[in-house]
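In: Turn this into a structure:
(one chain, ligands or ions: 1)
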Amino acid sequence: MSAFTLIRNAWIISNDDQIGDLRRGSLLIRNGEIVQIAEDIEQPEGCDVIEADGFLAIPGFVDAHKHLWQAALRGICGDMTLLGYFETIRQNYIASYRPEDVRVGNYACALELLNSGSTSVLDHSHCIITPDHADAVVEATLDAGIRGVWAYGYCPVWESDAFRKQEDRIADAYRIRQRYFASDDNLLRMGVAITEQQLLPFEYTEMEVRSALDMNVKWTAHTHCGNGAAPISRGIYKLYAKDLVNELAILSHCNEFTFNDFVMMNEVGAHFASSPDSEIYMGITKPVNFIEAIAAGTPVSLGTDTVSCMSADMFANMRLTLNFARHQINAPAAAGFQAVLHQKVSVRDVFRMATINGARALGIDHLVGSLVPGKRADILLIEAGQPNLAPMTDPIASLVLQGQVSNVDTVLVDGKIKKRHGKLVGVDLQKLNRELSASHAYLQANTHVEERDLAHEVDRWSDRLTEAAVDA
Ligand SMILES: [Zn+2]
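Out: Residues are numbered from 1 along each chain as shown. Predicted coordinates for the structure are as follows:
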């Protein structure tokens, strides 16, 4: 393989204000780095060429909130609420997971992301029952060749023989950091995913966050996204009051945040990731929180959350985001029979949420999120002549309003081709599907899903959480 790759004659959507869009241009890559974007580029000797006439070249998507380990459980959550998901997946199935299950789950979901055009991800990896699970899940994610942050989840199951106390989990995170993520120069970087606040006394939450700050890595938290009266995952103010929330924080969901909460988080540089698909699906307290975030000037990034319930389709999530944001903003006018004269959220705003905003949240916007010389070559080629996209007049509008995963013809990560002509490259899908099916069969056979009265469970959780809050 040559050190050079030339993508020639594409419609380039740089996502960068200075470079803008080139109706017909070329993009030169050297050793994974974008070195030139211009209308005409002289082809270096021995250069690999990708002829892209009739294709858009756009930056890869960045999925800022995902739990990759659940791929073998795809489709089993058809009619679950958040509470049902919590009981079934996070209480019952998770206890059956072996290292090989998280391995195949993470690998399969990483491929789903790459196939869908997400070249970077934040993996909120909360199925680490033993150190072997941690090794397996990291190795699988590295094998897949996806970029992003792999966040060590401190809360896999409530009791674990391998980790007698929370300090043991934190010590294991340091081991993983040392073993796989000693350098930040790799595609995948270390992160931390803290236990949902109020499931543990606050001193443990503080300890978990301090481990991330000590390692100087990103940390993420399900934040203020309870179900009904259960006060799960609230408590960010306590961390804020102790100066523990800064630019390393990626707060997911934040459905109960007010305008002032977003302003407060902006002041310390914390990041916000919404997963509209799951927030609406799961009946989280107040599904999706765009108006307050947008009004506060908070950059919104997007995630696709669980594999068991959601797809990794960023096109669908951009569309949902746009439509739901517009619905929220326009609903008061519509209810008062007033005409809506302007849209306050544009298709380009949403495209940025799915790309550069996510890259900023993950701390990798100096590398990806836009097509700029000096950045790494995470690039999608979108076939513009497909029936759902032609004629191509405003590419961003077409991608956000009509784009589909089937339009993603080619995916490059760090200049390496991961998908070409609509097919993943270097992947034995038949073998993977056999392993996924075997994992699914094992988990089904070994998991006892307790039939519970969920109304009773709400009371049980509320009592437990209230106790924890009092402990704090
Ligand atoms: Zn989540």
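
In: OK, contacts around Lys286?
Out: Going by C-beta atoms under 8 Å, 6 or more residues apart in numbering, Lys286 touches Asn255, Glu256. Backbone N, C-alpha and C define where each C-beta goes, glycine included.

In: now with 6 Å?
Out: Asn255 (C-beta atoms under 6 Å, 6 or more residues apart in numbering).

In: do the same with the one 5 residues further on
Out: Remark: with contacts taken as C-beta under 6 Å, 6+ apart, Ile291 is in contact with Gln328.

In: redo that, cut-off 8 Å
Out: Contacts of Ile291 by C-beta under 8 Å, 6+ apart are Ala325, Gln328, Ile329.

In: SS state for Thr285?
Out: The three-state label given to Thr285 by DSSP: H, G, I helix; E, B strand; the rest coil is coil.

In: I'd guessed it sits against Gly226; true?
Out: Yes: with contacts counted by C-beta atoms under 8 Å, Thr285 reaches Gly226, the gap being 5.4 Å.

In: ok, residues contacting the helix or strand hosting Leu443?
Out: Using DSSP states H and E, Leu443 sits within helix 429-446. For helix 429-446, the external contacting residues (C-beta under 8 Å, 6+ apart) are 71-73, 93, 96-98, 100-101, 104-105, 107-108, 111.

In: so which of those residues would you say is closest to Ala334?
Out: Nearest to Ala334 among those, counting by C-beta to C-beta, is Leu73 at 38.9 Å.

In: Which residue, other than its chain neighbours, is closest to that closest one?
Out: Nearest residue to Leu73, sequence neighbours excluded (C-beta to C-beta, 6 or more residues apart in numbering): Ser308, at 4.1 Å.

In: That neighbour in helix, strand or coil?
Out: Going by three-state DSSP: Ser308 is coil.

In: In stretch 34-53, which residues are buried?
Out: Ile34, Ile37, Ile41, Cys47, Asp48, Ile50, Ala52 (16 or more other C-beta atoms under 10 Å).

In: Check stretch 423-439 too.
Out: Leu424, Val427, Leu432, Glu435, Leu436, Ser439.

In: Render the CA-only coordinates of it in CSV, please.
Out: The C-alpha trace of stretch 423-439 is given here as CSV (Å, rounded to 0.1, in the frame of the first residue of the first chain):
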residue,chain,number,x,y,z
LYS,A,423,-19.1,-3.8,2.0
LEU,A,424,-16.9,-3.9,5.1
VAL,A,425,-13.3,-4.8,4.2
GLY,A,426,-11.3,-7.6,5.9
VAL,A,427,-14.2,-8.9,7.9
ASP,A,428,-15.5,-12.5,8.0
LEU,A,429,-19.2,-11.7,8.6
GLN,A,430,-20.2,-15.3,8.4
LYS,A,431,-17.8,-16.3,11.2
LEU,A,432,-18.8,-13.2,13.2
ASN,A,433,-22.5,-14.0,12.9
ARG,A,434,-21.9,-17.6,14.0
GLU,A,435,-20.1,-16.3,17.1
LEU,A,436,-22.9,-13.8,17.8
SER,A,437,-25.5,-16.5,17.5
ALA,A,438,-23.6,-18.8,19.8
SER,A,439,-23.2,-15.9,22.3
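
In: any idea how far it is from the chain center?
Out: 22 Å (C-alpha atoms, centre = their mean, to the nearest Å).

In: likewise stretch 83-98?
Out: Distance, centroid of stretch 83-98 to centroid of chain: 21 Å (C-alpha atoms, centre = their mean).

In: if we can go back for a sec, strands - which of the buried residues of stretch 34-53 land there?
Out: Using DSSP state E, the subset of the buried residues of stretch 34-53 located in strands is Ile34, Ile37, Asp48, Ile50.

In: Double-check that His124 belongs to a strand.
Out: Yes: using three-state DSSP, the assignment for His124 is a strand.

In: could we number from 36 for the rest of this?
Out: Okay, using 36 as the starting number, the last item reads as His159.

In: Could you measure from the residue nearest to Leu108 over to Cys144?
Out: Using C-beta to C-beta, to the nearest Å, we find Ser343 at a distance of 10 Å from Cys144.

In: Could you check which of those two has the larger neighbour count?
Out: The neighbour comparison of Ser343 against Cys144 (other C-beta atoms under 10 Å) goes to Cys144, with 28 against 21.

In: pLDDT at the nearest residue to that one once chain neighbours are set aside, what is it?
Out: Leaving aside its chain neighbours, Cys144 sits nearest to Leu103 (3.9 Å; criterion: C-beta to C-beta, 6+ apart). Per-residue pLDDT puts Leu103 at 97.

In: who touches Leu103 in this structure?
Out: Taking C-beta under 8 Å, 6+ apart, one finds Gly140, Asn141, Cys144, Ala145, Leu148, Val156, Asp158, Ser160, Val172, Thr176, Val342 in contact with Leu103.

In: helix, strand or coil for the first one?
Out: Three states are possible here, and by three-state DSSP the one that applies to Gly140 is helix.

In: Let me know whether it touches Ala107 as I believe.
Out: Yes: using C-beta under 8 Å, Gly140 is in contact with Ala107, at 5.3 Å.

In: These two: which has the busier surroundings?
Out: Between Gly140 and Ala107, counted using other C-beta under 10 Å, Gly140 has the larger neighbour count: 30 against 26.

In: gap between that one and Ser474?
Out: Gly140 is 7 Å from Ser474, by C-beta to C-beta.

In: Next, show the common contact partners of those two.
Out: Common contact partners of Gly140 and Ser474 (C-beta under 8 Å, 6+ apart): Ala107.

In: Any chance of the backbone angles for the closest residue to Gly318 other than its chain neighbours?
Out: Excluding its sequence neighbours, the residue lying closest to Gly318 (C-beta to C-beta, 6+ apart) is Thr116, at 5.0 Å. Backbone geometry at Thr116, expressed as degrees, to the nearest 10, gives phi -90, psi -180.

In: now Arg182
Out: Torsion angles, degrees, to the nearest 10, at Arg182: phi -90, psi 160.

In: So what pairs up with it in the strands?
Out: Arg182 has these beta-bridge partners by DSSP bridges: Ser155.

In: Could you verify my assumption that it touches Gly398?
Out: No: using C-beta under 8 Å, Arg182 makes no contact with Gly398, being 11.8 Å away.

In: More neighbours: those two, which one.
Out: Applying other C-beta under 10 Å to Arg182 and Gly398 shows that Arg182 carries more neighbours, namely 24 against 18.

In: what's near enough to touch that one?
Out: Thr154, Ser155, Val156, Leu222, Leu223, Ile399, Leu402, Val403, Arg411, Asp413, Val448, Asp449.

In: try 10 Å
Out: Going by C-beta atoms under 10 Å, 6 or more residues apart in numbering, Arg182 touches 95, 97, 149, 153-156, 221-224, 394, 397, 399, 402-403, 411, 413, 448-449.

In: Among those, the buried ones, what's the ChimeraX command?
Out: A single ChimeraX command selects the buried members of these (16+ other C-beta under 10 Å):
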select :95,97,149,153,154,155,156,222,223,224,394,397,399,402,403,411,413,448,449
